[in-house]
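Chemist: Got a predicted model here, sequence first, then my questions.
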Amino acid sequence: MAGYGVANERLRVLEELEREIGASLQSAGTVILELSKEKAGERLLERQAAQFGAAVQKVEAELSAQIRYLTQVATGQPHEGSSYAARKATELALNRVEYARRRLGELASACEAATEP
């Protein structure tokens with residue numbers, strides 16, 4: 001059950017990260033709106049730009065931490081490789097079996113025809 005706790009915590013952190021991204025987009029939107037005005041409020045611009053910068057840094061740091069965690073988890077498991085080669089070999093073997101069955105049927109028919117008077 002401990003695995004669920006870690007997973008739930010990771011999901012909670014990702015939800016917080018999503019909210020942080022939303023807040024940073026809102027700050028960026030406020031800056032754009034303020035810049036579109038003829039006389040922009042310099043203090044508001046600085047504050048919103050600082051909030052945006054801080055949010056981007058936090059998002060970047062947390063995403064990097066999530067990627068590091070996923071890399072550690074992924075590399076801790078044995079690599080099983082691709083199953084393409086095995087599936088292809090199986091498909092070819094089934095085709096050979098079908099061909100052999102068909103040829104044996106033809107041979108049986110030829111033997112029956114040869115033995116009939």
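Modeler: The structure has been received and is ready for your questions.
Chemist: tell me which residues of the helix or strand where Leu70 lies are tucked away?
Modeler: Assigned by DSSP states H and E, Leu70 falls within helix 42-75. Residues of helix 42-75 classed as buried by neighbour count (16 or more other C-beta atoms under 10 Å): Gln48, Gln51, Phe52, Ala55, Lys58, Val59. C-beta: built from backbone N, CA, C; applies to glycine.
Chemist: next one: stretch 14-30
Modeler: Quick answer for stretch 14-30 (16+ other C-beta under 10 Å): Leu17, Glu20, Ala23, Ser24, Ser27, Ala28, Thr30.
Chemist: what's the helix or strand for the first one?
Modeler: So that's Leu17. Applying DSSP H and E, one finds Leu17 within helix 2-36.
Chemist: Over to Leu94?
Modeler: Leu94 belongs to helix 84-115 when elements are defined using DSSP H and E.
Chemist: Just want the angle from the helix holding Leu17 to helix 42-75.
Modeler: 150 degrees (axes from the mean of the first three to the mean of the last three C-alpha atoms, to 10 degrees).
Chemist: and helix 2-36, what does it pack onto?
Modeler: Here helix 2-36 touches helix 42-75, going by 3 or more C-beta pairs under 8 Å, 6 or more residues apart in numbering; DSSP states H and E.
Chemist: what is the mean pLDDT for the helix it packs on?
Modeler: Averaging pLDDT along helix 42-75 yields 84.
Chemist: Walk me through the domains of this protein.
Modeler: 2-79, 83-117 (automatic domain parsing).
Chemist: From Ser27, how far out is the most centrally placed residue in the chain?
Modeler: Centroid check for the chain by C-alpha atoms, centre = their mean gives Leu70 as the closest residue, at 11.2 Å. Noted for Leu70: a distance of 28 Å to Ser27, by C-beta to C-beta, to the nearest Å.
Chemist: ditto for Ala93
Modeler: 61 Å.
Chemist: What is the burial count for Ala113?
Modeler: By other C-beta atoms under 10 Å, the residues close to Ala113 number 8.
Chemist: Kindly report the same for Thr90.
Modeler: 11.
Chemist: can you pull the contacts of it?
Modeler: Residues in contact with Thr90 (C-beta atoms under 8 Å, 6 or more residues apart in numbering): none are found.
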